[in-house]
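Visitor: Structure for the following, please:
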Amino acid sequence: MEHRTCDILIIGGGGAALYAAVRAHDADPKLRIVLASKGLVGKSGCTRMVQGGYNVVLHPEDSFEKHYDDTLRGGGMINNQELAWILVTQAPERIFELENAFGCYFDRNEDGTIHQRALAGQSFNRTVHRGDLTGIELMSRLSEQVLVRDIEVLDEVRGVDLLLDPHHERVCGALLVDFHSGALVAVSARAVLLATGGAAPLYRITAASLEKSGDGMAMAFRAGAEFVDMEMMQFHPTGLMAGKSVMTGTVLEEGLRGAGGYLLNAKGERYMQRYDPAKLERSTRDRVSRSSFLEIRAGRGTPEGGVYLDVRHLGKEVLLKSSPGMYKRCLSVGYDMAKDLIQVTPTTHFQMGGLRIDTACRTSIEGLFAAGEDAGGVHGANRLGGNGVAESMVFGAVAGDSLAEYAKANKERDADPQELRKLEERLQARDGQGNAFELREDLGSVTWDHLGIIRSEKSLALTAEALDRIEEQTARLPIPCDRGTNAAFHERMNLENLVSIARLIHAGASLRKESRGSHYREDYPETSNEYLANIFLKREADGSLRQEIRPVQFSRRTPKDLAGETEIPKEKVKPGAQFFTTEV
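Guide: Next comes the predicted model:
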């Protein structure tokens, strides 16, 4: 086992990770920073795949209050209101820094101002973009900023587990494994940031980067960190259908619907008139995805199991100007957007739940920070399109500043040597049976069918039974002598982590006996004030799962405020917290 030491270890290679590395370095260039990515830094993760853009208040007729209220309404009022306020109020600062310090370029209006487009669920056109290739622009410029700084980059290494001190009170590093050599690397660090992304590829159809398997969250879960609202998984309404290709599920972003695209069933009906006649295709992602799913389930889907997106009436010139990337992508699988109906399907997109963090990105374990999709609370029950990449930039910056401050104020601690030996033994070669890739397909089908867009007590019971079986079969899989470039070994690790995340999603979905945002219970279709609450989950030392339901802290807005029944209070409202706890 190789041993390395640094001040700050950042695990992840997307927007939040890179922004954090840059900000931490700029806060104190003397800090030794290691950026460890499962893929290639700047070339992997989901930030690079962003099409829609970045929500930010820039126009004089827009306001922080409008953006904030849209975010809370979209989130079903269970957002962490302080985190959501940071998102909204710091988003402009990051745009100015991205453009003026890092060299990003966003589309302009004729008068030179930044162009802002419409995305669903918002009361104002506030989405900044670079055509439909916004993520590539952001990641290209952030990668350059990392390269010109003294930041050590480790490409194609994955996190195995967090390292804790002998008292298990503080995170003091992480164990990594190199994809190519298979070597284990124990990295000691004063502060650790998890920014590995969520676990959307847990499901059969996904829009997410396929190297994502909830690694950061699973590592934190095993270490005993607290999670919030894990039942909240977002499904995007329009994933491209391309047969059995990995292209199936790739997002056709909602700017197409915002610009006037229609959704049609196999009968040619514009079916959103049945589900949201006021907003139609510009309704929130959860409602549109659920509507499409119900149309397909009712037998009104295409023979391939999808629905149609119709943008022909927008014209080729408009489509090529606004969505060149999507136009080319559709052509590659046989659709001409200007001439053809495009088959689409709901696709697993984004995880709103995640590690509980405070306003400095600190988790419940000392020395451990989280940002981006690893962290929960910002979006509540449903994320607005354009708020995801804004979250990565805003909280990547917050995390970087916090990491630097923490690393300067705290000395290094040694990892528990016994736990390190146990981790090493867990990955030692052994015989076994089974096929990791077949199990992964099995898991994807189970979650899509029973833990997906529509849930019920029956489907959740089927999920629990299947997860027990898959976990048992995963434990029996072999571990090869040579871990280097061994895809089966890494798929086994992916499975272990994905099953852990699936259990957290299942636990939250079982507790929340209502429908809110992206969480829809067919047996509890109404939204209930009883569950105007957050669900917290934590693994105890004995392996049991601690579950707590805590009322939302309405620190800035109450439901009446957003319903227009009262004026927005000038002072924060901080009602006394009430708790009830269950343990399983």
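
Visitor: which one's the longest strand in the protein?
Guide: Counting residues, the longest strand in the chain under DSSP state E turns out to be strand 342-351.

Visitor: What's the first helix or strand after it?
Guide: Counting by DSSP states H and E, the element after strand 342-351 in chain order, helix or strand, is strand 354-356.

Visitor: That following strand: how far from the chain's middle?
Guide: Between the centre of strand 354-356 and the centre of its chain there are 11 Å (CA atoms, centre = their mean, to the nearest Å).

Visitor: Next SSE downstream of that strand?
Guide: strand 368-370.

Visitor: List the buried residues of that next one.
Guide: Within strand 368-370, the residues that count as buried by 16 or more other CB atoms under 10 Å are 368, 369, 370. From N, CA and C alone the C-beta is placed, and that goes for glycine too.

Visitor: distance of the second one from residue 72?
Guide: Pointing back at residue 369 there. Counting by CB to CB, to the nearest Å, the gap from residue 369 to residue 72 is 25 Å.

Visitor: Residue 557 now?
Guide: Residue 557 is 6 Å from residue 72, by CB to CB.

Visitor: the more surrounded of those two?
Guide: Neighbour count, other CB atoms under 10 Å: between residue 557 and residue 72, residue 72 has more, with 25 against 22.

Visitor: For that one, which residues are in contact?
Guide: Residue 72 makes contact with 79, 81, 84, 380, 557, 562, according to CB atoms under 8 Å, 6 or more residues apart in numbering.

Visitor: Mind checking what helix or strand follows the helix or strand in which it is found in sequence?
Guide: Using DSSP H and E, residue 72 sits within helix 64-74. Going down the chain from helix 64-74, the next helix or strand is helix 81-100, by DSSP H and E.

Visitor: The stretch 1-150 of the chain: strands as residue ranges?
Guide: Counting by DSSP state E, counting those that start in this stretch, the stretch 1-150 of the chain has strands at residues 2-5, 8-11, 33-36, 54-55, 116-117, 127-128.

Visitor: Show me which of those strands has the highest average neighbour count.
Guide: The highest mean neighbour count among these, using mean count of other CB atoms under 10 Å, belongs to strand 8-11: a mean of 30.

Visitor: With only the CA atoms kept, save that one in PDB.
Guide: Coordinates of each C-alpha in strand 8-11 appear next as PDB, following Å, rounded to 0.1, in the frame of the first residue of the first chain:
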ATOM      1  CA  ILE A   8      -6.700  18.900   1.500                       C
ATOM      2  CA  LEU A   9      -8.000  15.800  -0.400                       C
ATOM      3  CA  ILE A  10     -10.800  16.400  -2.900                       C
ATOM      4  CA  ILE A  11     -12.400  13.300  -4.300                       C
END
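
Visitor: rewinding a little: and the longest strand of the chain, what other elements does it pack with?
Guide: strand 233-240, helix 285-295, strand 307-310 (3 or more CB pairs under 8 Å, 6 or more residues apart in numbering; DSSP states H and E).

Visitor: Kindly reformat the ones you listed as a markdown table containing mean neighbour count.
Guide: Shown next, in a markdown table, are the helices and strands packed on strand 342-351 (neighbours: other CB atoms under 10 Å):
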| stretch | mean neighbour count |
| --- | --- |
| strand 233-240 | 27 |
| helix 285-295 | 23 |
| strand 307-310 | 22 |
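
Visitor: Can you lay out these as CSV showing mean pLDDT and distance to residue 50?
Guide: What follows is the helices and strands packed on strand 342-351, written out as CSV (pLDDT from 0 to 100; distance: least, CB to CB, whole Å):
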stretch, mean pLDDT, distance to residue 50
strand 233-240, 93, 12
helix 285-295, 91, 15
strand 307-310, 95, 19
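
Visitor: These: which one's closest to residue 332?
Guide: Counting by CB to CB, residue 332 lies closest to strand 233-240 out of the helices and strands packed on strand 342-351; the figure is 9.8 Å.

Visitor: and that closest one, what other elements does it pack with?
Guide: If you count contacts as 3+ CB pairs under 8 Å, 6+ apart, strand 233-240 packs onto helix 255-258, helix 285-295, strand 342-351.

Visitor: and of these, who's closest to residue 223?
Guide: Nearest to residue 223 among these is strand 342-351 (18.6 Å), distances taken as CB to CB.

Visitor: got the angle for the closest one vs strand 233-240?
Guide: If you take axes from the mean of the first three to the mean of the last three CA atoms, to 10 degrees, strand 342-351 sits at 150 degrees to strand 233-240.

Visitor: Just the C-alphas of strand 342-351, formatted as PDB.
Guide: Provided in PDB are the C-alpha atoms of strand 342-351 (Å, rounded to 0.1, in the frame of the first residue of the first chain):
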ATOM      1  CA  ILE A 342     -38.200  12.300 -31.500                       C
ATOM      2  CA  GLN A 343     -38.800   9.400 -29.200                       C
ATOM      3  CA  VAL A 344     -38.000  10.300 -25.600                       C
ATOM      4  CA  THR A 345     -38.500   8.700 -22.200                       C
ATOM      5  CA  PRO A 346     -38.200   9.800 -18.600                       C
ATOM      6  CA  THR A 347     -34.600   9.300 -17.500                       C
ATOM      7  CA  THR A 348     -33.000   9.300 -14.000                       C
ATOM      8  CA  HIS A 349     -31.200  12.600 -13.800                       C
ATOM      9  CA  PHE A 350     -30.300  14.100 -10.400                       C
ATOM     10  CA  GLN A 351     -30.200  13.200  -6.700                       C
END
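
Visitor: Give me the distance from it to the chain's centre.
Guide: Using CA atoms, centre = their mean, the offset of strand 342-351 from its chain centre is 14 Å.

Visitor: Just want the angle from it to helix 285-295.
Guide: Going by the same axes, to 10 degrees, strand 342-351 makes 130 degrees with helix 285-295.
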